[in-house]
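**Q** show me the folded form of this:
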Amino acid sequence: MALPEITPALIRFDEEQMLAGERRRLEIEADYTARAVPIDRFGEMRGPVHAASLLAWNAVADHCGVPRIPAEVIVSIPTATAWKALDEPGNMTPEEDAVIDAAVCWCQNGRFWRTELCSSEGVKYALGRDGSYPSADLLAFTLDDCRIMDMHWGMPDIKVIGRPTVEPARVKGWPVEFRVFCGGQADTGAVSFYYPQAGEFAITAKLQRAMDFAREYGLALYHAREALGLVPWLPGSEPDKRIGATMDFMLTAEGELVMVDAGPGYGCGAHPCCFIDVPVTGQRWRLADGVELR
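**A** Numbering: from 1, shown residues only. Coordinates of the predicted model:
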C-alpha cells in the first residue's frame, strides 16, 4: 500500500489539528482551575476534584481517619514547562531548569516518587512484573513518560510527590494489596486482591481480616468524599458522581493497613484486578477459572 504524498495541504491539516488540540487542552485547564475545590477548602466548598488526585484523596482520608502512606509535594511543574522540557530543552529559562532539577535531585538515590495522578510507566511495569520494589534507575525522575503526560493532559501542573518506602506484607512474593470499588460499573463495596498474577494461595484469617478492613476503609473514604460535596472530574467531561471510585490499600509488613492510592471507578479507567470478565461484586482473591490475565 503506497504511502500518501506529503503535501502542504496535509501539513496545514496536521498543524490545524495540533492547534485545535492545544486550544482544547487550555480550555479544560482553565475550566478546572476556575472550578476545582482547593484542598485547603475541603469542608467549606463543594465542587469538582480530579478523580485520580492522590492529594485530594489523602485529604479525604485525613478527614475520616483512614490511615495512609505519608506524602509531600516536592515540586509543582507547570504543564507548559513540562512540555517545553520535552520539546525544547535547549530553550529552557534558568527558572524552568530549576523546577525540573528540584524533582531530579529529590529522586536521586532511589527515593520513591510519583505524581499527583499516577506513578511512572517504569514503576508500574516493575510492580506488575513480579511485585518487586523498582530499581534505582526506574526511580530516576523523567517527564519522558506517556503515562504521566497523558494523565496530566488538561491539568495546570504536574505535582511531583515524594513518599517513604513502605515494605508490604507478601504472599507468593506479591504485595498484599486490595482494590475497593464504589460506583461506576461496580457494586459499591466490591473488593479484589490487587495482583491476580499471584494465582492461588491460602487465604488465612489474617488476610481475610485485611480484605474486610480494606472494604470498610474504602466505604468510609467514598462516603466521606460524598459528604464533603466533592464530585469526581476527569478531563474532557463534566464533574459527575457516577464516575465512582476505586481505592487501593496495602497491608504493611508491620501489619498495618494503609491507603496507597485511589482513582476513578471501574468503567471510567480503573482496572478490575481479579474481576476480569466477571461482574464486579462481592469479593475476589483470584481470577475466575479460564480467565486470562490482561
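
**Q** for the host helix or strand of residue 262, give the mean pLDDT please.
**A** Using DSSP states H and E, residue 262 falls within strand 257-263. The average pLDDT within strand 257-263 is 98.

**Q** same check on stretch 97-114?
**A** For stretch 97-114, the per-residue pLDDT averages 89.

**Q** now stretch 275-289
**A** When pLDDT is averaged along stretch 275-289, the result is 97.

**Q** and after the strand holding residue 262, which helix or strand comes next?
**A** Scanning onward from strand 257-263 (DSSP H and E), the first element met is strand 283-284.

**Q** for the stretch 101-250 of the chain, which segments are assigned as helices?
**A** Per DSSP state H, counting those that start in this stretch, the stretch 101-250 of the chain carries helices over the ranges 121-130, 146-151, 205-227.

**Q** and the strand holding residue 262 with helix 205-227, angle?
**A** Angle, strand 257-263 to helix 205-227, by axes from the mean of the first three to the mean of the last three CA atoms, to 10 degrees: 50 degrees.

**Q** which strands or helices does strand 257-263 pack on?
**A** helix 54-64, helix 205-227, strand 245-251 (3 or more CB pairs under 8 Å, 6 or more residues apart in numbering; DSSP states H and E). C-betas here are computed from N, CA, C, even on glycine.

**Q** dump those into JSON lines; add mean neighbour count and mean pLDDT as well.
**A** Listed next are the helices and strands packed on strand 257-263 as JSON lines, based on neighbours: other CB atoms under 10 Å; pLDDT from 0 to 100:
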{"stretch": "helix 54-64", "mean neighbour count": "21", "mean pLDDT": "98"}
{"stretch": "helix 205-227", "mean neighbour count": "18", "mean pLDDT": "98"}
{"stretch": "strand 245-251", "mean neighbour count": "26", "mean pLDDT": "98"}
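
**Q** can you report phi and psi for residue 68?
**A** phi -150, psi 170 (degrees, to the nearest 10).

**Q** and it, what does it touch?
**A** Going by CB atoms under 8 Å, 6 or more residues apart in numbering, residue 68 touches 58, 61-62, 258-260.

**Q** same deal with residue 228?
**A** The contact partners of residue 228, taken as CB under 8 Å, 6+ apart, are 42-43, 46, 60, 63.

**Q** can you do 7 Å?
**A** If a contact means CB atoms under 7 Å, 6 or more residues apart in numbering, then residue 228 has 42-43, 60, 63 as its contacts.

**Q** distance of it from residue 40?
**A** Distance from residue 228 to residue 40, counting by CB to CB, to the nearest Å: 13 Å.

**Q** over to residue 34?
**A** On the measure of CB to CB, residue 34 and residue 40 end up 17 Å apart.

**Q** repeat for residue 174
**A** For residue 174, the distance to residue 40 equals 37 Å [CB to CB].

**Q** name the residue in those two with the higher neighbour count.
**A** Neighbours were tallied for residue 174 and for residue 40 using other CB atoms under 10 Å; the higher tally belongs to residue 174 (21 against 9).

**Q** model confidence for the more buried one, exactly?
**A** Looking at residue 174, its pLDDT is 94.

**Q** quick one: residues contacting it.
**A** Contacts for residue 174 (CB under 7 Å, 6+ apart) come out as 131, 195, 197-198.

**Q** what do you get for residue 156?
**A** Here residue 156 is in contact with 29, 33, 78-79 (CB under 7 Å, 6+ apart).

**Q** inside helices: which ones of these?
**A** Those of the contacts of residue 156 mapping onto helices are 29, 33, 79, per DSSP state H.

**Q** what's the closest of the residues you listed to residue 19?
**A** Set against residue 19, the nearest of the ones in helices among the contacts of residue 156 by CB to CB is residue 29 (15.5 Å).

**Q** quick one, phi psi at the residue nearest to that closest one when sequence neighbours are not counted?
**A** The shortest distance from residue 29 to any non-neighbouring residue, by CB to CB, 6 or more residues apart in numbering, is to residue 156 (5.2 Å). Backbone geometry at residue 156, expressed as degrees, to the nearest 10, gives phi -70, psi -20.

**Q** over to residue 35?
**A** Residue 35 has phi and psi values of phi -110, psi -20 when expressed as degrees, to the nearest 10.

**Q** go ahead and confirm it touches residue 47.
**A** Yes: contact status for residue 35 versus residue 47: in contact at 5.9 Å, counting by CB atoms under 7 Å.
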